[in-house]
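> sequence first, then the predicted structure, then my questions.
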Amino acid sequence: MGHAVGDVLGLAAGVTISPLPVVAVILLLTTPRGRLNGTLFSVGWILGLALLGAIMLVVGGPGDVSTNKHPATWVGALKLALGVLLVLFSAHQWRHRPTDPTEARLPKWMTVIDRFTPPKVLGLGLLLSAANAKNGPLTIAAGASISATGISVPQQIGALAIFVFIASLGVLAPLAVHVFAGERAKSILGTWRNWAAQHNAAVMAALFFVLGLKLLGDGVSILAT
């Protein structure tokens, strides 16, 4: 299990560094039902990652992904494909980044986020975690890595739970600040929101590239073994 957790720590860190979801949860915390909305978004985020990771565990099975103590060929092929996808996303994100960070614009749906009903907030959390162009591939890769170790099902579930927890720290941090920081919360969260909004494109491009190269390397290593 320790080996499985070690394999996915970097992927979990890549998921938790997600500027737009951080901006989204901060905006939700400023709505009239701020604490409820922030909690629902976080629950949706966690559920999205857990469900996607669980699907990969089911696909991989309890141990048949590993052959002769090495990951199966399809795991290497999957990581290779995901790596290529992330590198391509990196190039697209970099080409379309604003030349002046202060001119960065948030998605239009964020301008009406204060009108979201609780089910929509929950769904938004699910969407930004499991269906995100970065987080989805990384979670799929994490599930495949855990399955590839051939550990027992309870241990796989434990490793996935650790991955989901670490991958959720980015969206849980603003909620924690809102709950525990008192009067300073507004100032702290405002600073976080502005930085994340301005540097989202550059951060995402760098993450796509670095994590894409990691998955490419992992895939080539598995296929060459």
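On my side now, so go ahead.
> show me what the longest helix along the chain packs onto, helices and strands only.
Across the chain, the longest stretch assigned as helix under DSSP state H is helix 185-224. When contacts are defined as 3 or more Cβ pairs under 8 Å, 6 or more residues apart in numbering; DSSP states H and E, helix 185-224 sits against helix 2-16, helix 19-29, helix 73-95, helix 135-148, helix 169-180. Where C-beta positions appear, they are placed from N, C-alpha and C, glycine not excepted.
> which one of the ones you listed is the most hemmed in?
Highest mean neighbour count of those: helix 135-148, a mean of 26 (counted as mean count of other Cβ atoms under 10 Å).
> need the contact list for the nearest residue to Val203 once chain neighbours are set aside.
In space, and not counting its chain neighbours, Val203 is closest to Pro19: 5.5 Å by Cβ to Cβ, 6 or more residues apart in numbering. The contact partners of Pro19, taken as Cβ atoms under 8 Å, 6 or more residues apart in numbering, are Ala196, Ala197, His199, Asn200, Val203, Met204.
> and those, which are buried?
Ala196, Ala197, Asn200, Val203, Met204 (16 or more other Cβ atoms under 10 Å).
> next one: phi and psi at Ala133?
phi -60, psi -30 (degrees, to the nearest 10).
> excluding chain neighbours, what is closest to it?
Phe89 (5.5 Å).
> residues contacting the closest residue to Gly76 other than its chain neighbours?
Nearest non-adjacent residue to Gly76, counting by Cβ to Cβ, 6+ apart: Ile222, 3.0 Å away. Contacts for Ile222 (Cβ under 8 Å, 6+ apart) come out as His70, Pro71, Thr73, Val75, Gly76, Lys79.
> closest one to Pro98 out of those, please.
For the contacts of Ile222, the closest approach to Pro98 (Cβ to Cβ) belongs to Lys79, at 31.6 Å.
> tell me the confidence at the closest one?
At Lys79, the pLDDT value in this model is 88.
> before we move on, what about Asn68?
54.
> who touches the closest residue to Gly219 other than its chain neighbours in this structure?
Counting by Cβ to Cβ, 6+ apart, Leu80 is the residue found nearest to Gly219 once chain neighbours are left out, at 3.0 Å. Residues counted as contacts of Leu80 (Cβ under 8 Å, 6+ apart) are Leu215, Leu216, Gly219, Val220, Leu223.
> what's the neighbour count on Arg105?
9 (other Cβ atoms under 10 Å).
> could you look up the SS state of it?
coil (DSSP: H, G, I helix; E, B strand; the rest coil).
> distance check, it against Gln198.
Here Arg105 is placed at a distance of 10 Å from Gln198 (Cβ to Cβ, to the nearest Å).
> swap in His3?
39 Å.
> one more: Ile146?
With Cβ to Cβ as the criterion, Ile146 and Gln198 are 35 Å apart.
> now swap in Thr111 and tell me
17 Å.
> so between those two, which is more surrounded?
More crowded of Thr111 and Gln198, by other Cβ under 10 Å: Gln198, with 17 against 10.
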